[in-house]
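Engineer: How does the following fold in three dimensions:
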Amino acid sequence: MKSVEIKASLREDAGSKSQLNNLRKEGQVPAVIYGGKENLNFSVNEVEFSKVIYTPDVHLVNLNFGDKTINAVVREVQFHPVTDAPIHIDFMEVFEDKPIIIGVPVKFVGKSIGVLNGGKRREKLRKLIVKALPKDVPSEIEVDISKLRIGFGIKVEEINVENVEFMDHPKAVVVAVKTSRMAVDEELEDEEGEEGEEGEGTAEGDAPKAEEGSEAKAEEGSEAKAEATAE
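Structural biologist: The predicted structure is shown next:
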């Protein structure tokens, strides 16, 4: 998991609505951190915090309070309904020896056989919930789809990441390839080709027999006609 350091400024209390609005006008975002011995109210610079929220990656945030640093992860961000600017952040303190539960983005790699044959890829889960120690949490989870055929999918239980436990349902489909009008399955196409070749061979093999029979009947007819003429 990637890490990023952000400067943090303590606040004595939760603050009134007007105080919080003044902080926002100054480019600061009110925040709270929990999960440790006590909850702390503080604020972070909005520009610095943008390095964390405007990216799909998961980050371990090192909150620098000057005299101490607290490691945390973002739990929730509230956004302004009109401007979409962050207006409040919930952090959770993390510890090296305690596992955390967090969502990690999925990265699909490879070119699916099914998609190359005309199928359509359907991404069901773009983020997976994992439980692991902070040092073992991956920045992203790679899922190889190169062997994925039309009509098949990859489930959570088929994905393995060392020292990571997946919290999503094991049978949940992460990605699948659905058929389409233009889709062609290579295996079915090969089988049809083989059957067609065998059928053509049989027809060609039968043809000489029919010709031999026709020639024999023609010879018999000629002989009978010659005998009648002689009489």
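Engineer: Residues contacting stretch 31-40, please?
Structural biologist: Contact partners of stretch 31-40, identified using Cβ atoms under 8 Å, 6 or more residues apart in numbering, comprise 8, 10, 14, 41-44, 63, 70, 72, 88-94. Glycine gets a C-beta too; all of them are placed from N, C-alpha and C.
Engineer: try stretch 107-121
Structural biologist: So stretch 107-121 is contacted by 123, 140-152, 175-180, 182-186 (Cβ under 8 Å, 6+ apart).
Engineer: re earlier: show me how to select, in PyMOL, the buried members of the contacts of stretch 31-40.
Structural biologist: This is how PyMOL selects the buried members of the contacts of stretch 31-40, with burial counted by 16 or more other Cβ atoms under 10 Å:
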select buried, resi 8+42+43+44+63+70+72+88+89+91+92+93+94
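Engineer: thinking again about what came up before, when you filter the contacts of stretch 107-121 down to buried only, what's left?
Structural biologist: Listed as buried from the contacts of stretch 107-121 are 140-141, 143, 145, 148-150, 152, 175-177, 183, 185; burial here means 16+ other Cβ under 10 Å.
Engineer: With distance to V58, pLDDT and secondary structure as extra columns, can I get those in CSV?
Structural biologist: Formatted as CSV, the buried ones among the contacts of stretch 107-121 follow (distance: Cβ to Cβ, whole Å; pLDDT from 0 to 100; DSSP: H, G, I helix; E, B strand; the rest coil):
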residue, distance to V58, pLDDT, secondary structure
E140, 8, 92, coil
I141, 10, 95, strand
V143, 16, 96, strand
I145, 21, 96, coil
L148, 25, 94, coil
R149, 31, 94, coil
I150, 32, 93, coil
F152, 29, 95, coil
V175, 19, 97, strand
A176, 25, 96, strand
V177, 27, 95, strand
A183, 35, 57, coil
D185, 37, 57, coil
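Engineer: Could you point out which residue ranges in the chain have low pLDDT?
Structural biologist: In the predicted model, the chain carries pLDDT under 70 at residues 13-15, 181-231.
Engineer: Alright, calling it a day.
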